[in-house]
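Visitor: Starting from these lines, generate the structure:
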Amino acid sequence: MHPVFERRSNLLLYLLAWLPSVALFALLLAYAGQFRWSEAFLIAAPMAVVCAFLCLSAWYLCRIFPPARASYLRLAGIHLAAAVFTGGAWVLLGAALVTALSRVPELAGIDDRFWKQAPLLLVVGVLIFLISVSVHYLALVFERSREAEERSLTLQILAREAELKALRAQISPHFLFNSLNSISALTSVDPARARKMCQLLADFLRKSLELGAEEFITLQDEIALARDFLAIEQIRFGPRLNIDTEVAEASRNYLVPSLLMQPLLENAVKHGISQVLEGGTIRIATSVGGDRLKITVENPSDASVPVARSKGFGLENTRARLSTLYGREARIETGRSGERFHAEVSLPAKRVAS
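Guide: Below is the predicted model of the structure:
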């Protein structure tokens with residue numbers, strides 16, 4: 001179906017666009033055919049409407065014969081033949097109209113004058129149809145361009161979703177392998193602590209699987225997962241691992257990517273607590289300022305060990321997720337001050353929709 005017929009408003013706008021042609025046809029008949037102005041407009045108005053609908057047939061020809069599938073010489077021949085046929089049909093319909101009008105005494109002889117202008121009208125009809133073909137080809141080009149943009153956008157979205165799923169899938173196995181290794185080590189040293197760690201791990205995995213299936217969760221749920229994670233690690237490290245949280249009350253209902261903090265905490269344990277003989281405190285702090293939400297994870301750091309440019313897989317994974325989700329609007333900054341290492345995540349503050 002032609003787009004003009006898809007909506008009533010489209011048809012109305014299309015017919016209104018043809019109003020100037022009524023004046024042009026009337027001018028042509030008045031000066032070339034020596035019609036009175038009243039006679040010229042009486043003929044021109046219905047002929048313009050007929051011409052408007054006949055020109056719509058060019059849309060079907062343009063779709064059947066796109067430029068990419070036929071030579072330009074063949075296209076020219078096809079459309080020229082269609083233009084002559086359509087122009088001839090238009091003149092014949094005009095002739096039928098003036099024949100009916102000639103029966104009115106005041107309009108007697110109008111049909112004879114019309115036939116004298118038939119060749120000129122045929123040329124005009126052919127030119128108008130060829131112009132319509134050009135317009136329809138331009139419309140098809142814009143339509144194909146829009147469809148290509150939509151397909152490109154859809155592919156980008158699918159690629160982005162696939163990348164996020166892959167990044168999230170890499171997080172859970174990484175933590176799971178570390179936890180199972182810790183449990184394996186504890187079974188021969190302290191079976192009771194190993195059993196407790198298994199229970200905590202099972203609860204943590206159940207919650208993380210539920211929340212990890214979501215792209216975004218509240219910061220409150222993320223902090224709860226972080227505490228469960230550290231509770232598991234406390235079984236492993238005992239008094240060497242302490243936890244300090246400073247969660248701003250105003251930040252609890254903001255949205256963050258699910259499992260965002262887990263790689264940061266794994267990094268804090270692996271490169272902080274495990275490398276410092278006396279252990280230390282892992283500090284979690286959140287704050288909201290303007291349109292930014294900040295999450296900071298601090299851990300003890302051995303001052304004798306130089307800070308690497310990358311603290312491992314966890315931080316790189318987090319950077320990749322933030323870049324995929326927010327582009328340049330989110331960032332993660334790391335650094336060491338004395339015997340403390342920190343990782344600060346800054347991202348757009350978005351509240352839960354009420």
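Visitor: going forward, measure contacts and count neighbours with C-alpha atoms only.
Guide: Noted.
Visitor: Quick check: phi and psi on Pro348?
Guide: phi -60, psi 130 (degrees, to the nearest 10).
Visitor: and it, how many neighbours does it have?
Guide: 18 (other C-alpha atoms under 10 Å).
Visitor: pretty sure it is touching Arg328, no?
Guide: No - using C-alpha atoms under 8 Å, Pro348 is not in contact with Arg328, being 10.4 Å away.
Visitor: show me what contacts Pro282?
Guide: Pro isn't right for residue 282; it's Ile. When contacts are counted by C-alpha atoms under 8 Å, 6 or more residues apart in numbering, Ile282 touches 241-244, 268, 297-300.
Visitor: From the residues you listed, list the buried ones, please.
Guide: Listed as buried from the contacts of Ile282 are 241-242, 268, 297-300; burial here means 16 or more other C-alpha atoms under 10 Å.
Visitor: For the residues you listed, which two are the farthest from each other?
Guide: Leu241 and Val297 (14.1 Å; C-alpha to C-alpha).
Visitor: Just send the buried ones among the contacts of Ile282 back as TSV, with distance to Glu39, secondary structure and pLDDT too.
Guide: Formatted as TSV, those follow (distance: C-alpha to C-alpha, whole Å; DSSP: H, G, I helix; E, B strand; the rest coil; pLDDT from 0 to 100):
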residue	distance to Glu39	secondary structure	pLDDT
Leu241	100	strand	93
Asn242	99	strand	94
Ala268	92	helix	90
Val297	87	strand	95
Glu298	91	strand	95
Asn299	94	strand	94
Pro300	97	strand	93
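Visitor: which residue ranges form the helices in the stretch 201-350 of the chain?
Guide: Under the criterion DSSP state H, counting those that start in this stretch, the stretch 201-350 of the chain contains helices at 219-237, 261-271, 313-326.
Visitor: If you could redo that for the stretch 51-200 of the chain, that was the one I meant.
Guide: 57-64, 72-101, 110-116, 118-187, 191-212.
Visitor: can you put the ones you listed in a markdown table and add mean pLDDT and mean neighbour count?
Guide: Putting these into a markdown table (pLDDT from 0 to 100; neighbours: other C-alpha atoms under 10 Å) gives the following:
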| stretch | mean pLDDT | mean neighbour count |
| --- | --- | --- |
| helix 57-64 | 88 | 17 |
| helix 72-101 | 91 | 17 |
| helix 110-116 | 87 | 17 |
| helix 118-187 | 78 | 15 |
| helix 191-212 | 85 | 16 |
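Visitor: Just put those helices in a markdown table and tack on distance to Pro46.
Guide: Formatted as a markdown table, the helices of the stretch 51-200 of the chain follow (distance: least, C-alpha to C-alpha, whole Å):
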| stretch | distance to Pro46 |
| --- | --- |
| helix 57-64 | 18 |
| helix 72-101 | 8 |
| helix 110-116 | 14 |
| helix 118-187 | 14 |
| helix 191-212 | 67 |
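Visitor: Nearest approach to Arg8 belongs to which of those?
Guide: helix 57-64 (18.1 Å).
Visitor: List the contacts of that closest one.
Guide: With C-alpha under 8 Å, 6+ apart, helix 57-64 has contacts from 2, 79, 129, 132-133, 136-137, 140.
Visitor: 7 Å instead, please
Guide: Applying C-alpha atoms under 7 Å, 6 or more residues apart in numbering, the external contacts of helix 57-64 come out as 132-133, 136-137.
Visitor: want to try TSV for these, with distance to Ala320 as columns?
Guide: Formatted as TSV, the contacts of helix 57-64 follow (distance: C-alpha to C-alpha, whole Å):
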residue	distance to Ala320
Ser132	51
Val133	50
His136	45
Tyr137	44
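Visitor: Which members of these are the farthest-apart pair?
Guide: Ser132 and Tyr137, at 8.6 Å, using C-alpha to C-alpha across these.
Visitor: just to revisit the earlier point, so which of the helices of the stretch 201-350 of the chain gets nearest Gln199?
Guide: Comparing those by C-alpha to C-alpha, helix 219-237 comes nearest, at 9.2 Å.
Visitor: Mind exporting the C-alpha coordinates of the closest one to PDB?
Guide: Output of helix 219-237 as PDB, limited to C-alpha atoms (Å, rounded to 0.1, in the frame of the first residue of the first chain):
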ATOM      1  CA  LEU A 219      22.900   0.400  45.700                       C
ATOM      2  CA  GLN A 220      21.400  -1.000  48.900                       C
ATOM      3  CA  ASP A 221      21.200  -4.500  47.400                       C
ATOM      4  CA  GLU A 222      24.700  -4.100  46.000                       C
ATOM      5  CA  ILE A 223      26.000  -3.200  49.500                       C
ATOM      6  CA  ALA A 224      24.200  -6.200  51.000                       C
ATOM      7  CA  LEU A 225      25.900  -8.500  48.500                       C
ATOM      8  CA  ALA A 226      29.300  -6.900  49.300                       C
ATOM      9  CA  ARG A 227      28.800  -7.600  53.000                       C
ATOM     10  CA  ASP A 228      27.900 -11.200  52.200                       C
ATOM     11  CA  PHE A 229      31.000 -11.500  50.100                       C
ATOM     12  CA  LEU A 230      33.200 -10.100  52.800                       C
ATOM     13  CA  ALA A 231      31.600 -12.300  55.400                       C
ATOM     14  CA  ILE A 232      32.800 -15.300  53.300                       C
ATOM     15  CA  GLU A 233      36.300 -13.900  53.100                       C
ATOM     16  CA  GLN A 234      36.300 -13.200  56.900                       C
ATOM     17  CA  ILE A 235      36.000 -17.000  57.400                       C
ATOM     18  CA  ARG A 236      39.200 -17.400  55.400                       C
ATOM     19  CA  PHE A 237      41.200 -14.600  56.900                       C
END
